[in-house]
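*Asks:* Here is a sequence with its predicted model. Questions after.
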Amino acid sequence: MNWEGRKVLVTGGASFIGSHLVDVLVERAASVRIVDDLSSGRMEHTRVIDAVKEVLHYTGHKAKIELRPEMPTGLYNRVADNSLARRLLGWEPEAKFMDGLHRAIDWYFAAKDRREVKAILDRMLTER
């Protein structure tokens, strides 16, 4: 399938699978938009725009960020309430959001195999 110039919306584009999908779609010249709430389980506030800027800065990628103020934006940001997990399990996130983001980026670039994702992309997009 020719993806060049096609508009694609990827929900969960910051996830493991979503990020691989976005990578391949961009390689195939698709126009990609990502929707992701970047839930991390921490009680800290991180705006999506700040996370996007950090990804670009940390990876050294140059990309134009296009803001669309005329479109619905949803919540300013989301903060997961992990008080129940803390109370029942004694669990709390170990890393701050930006530290976790850096670790995820480092892992992604060390572990991804672009050829493998590219080989199965069409099937992944259409198979249920």
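*Replies:* Nice, thanks for sending it over. Numbers count the residues shown, from 1 in each chain.

*Asks:* what sits against S15?
*Replies:* Residues in contact with S15 (Cβ atoms under 8 Å, 6 or more residues apart in numbering) are D36. Any C-beta I mention is one placed from the backbone N, CA and C, and that applies to glycine too.

*Asks:* For it, grab phi and psi.
*Replies:* Backbone torsions for S15, taken as degrees, to the nearest 10, come to phi -80, psi 180.

*Asks:* how much space between it and L21?
*Replies:* Applying Cβ to Cβ, to the nearest Å, the value for S15 to L21 is 9 Å.

*Asks:* Sort out which residues of the lengthiest helix in the chain are buried, please.
*Replies:* Longest helix in the chain, counting residues (DSSP state H): helix 97-111. Residues 97, 101-102, 104 are the ones in helix 97-111 that count as buried (16 or more other Cβ atoms under 10 Å).

*Asks:* In CSV: those, plus distance to T11.
*Replies:* Formatted as CSV, these follow (distance: Cβ to Cβ, whole Å):
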residue, distance to T11
F97, 20
L101, 19
H102, 24
A104, 18
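
*Asks:* which of those lies closest to V52?
*Replies:* L101 (10.4 Å; Cβ to Cβ).

*Asks:* just the helices in the chain please.
*Replies:* Going by DSSP H, the chain shows helices at 16-27, 48-59, 83-89, 97-111, 114-126.

*Asks:* Among these, show me which one is buried the most.
*Replies:* Most buried of these, by mean neighbour count (mean count of other Cβ atoms under 10 Å): helix 16-27, with a mean of 18.

*Asks:* okay, which residue is most central for the protein?
*Replies:* Nearest to the geometric centre of the chain sits A14, at 1.2 Å (Cα atoms, centre = their mean).

*Asks:* is it true that it touches D36?
*Replies:* Yes - assessed by Cβ atoms under 8 Å, A14 is found in contact with D36 at 4.1 Å.
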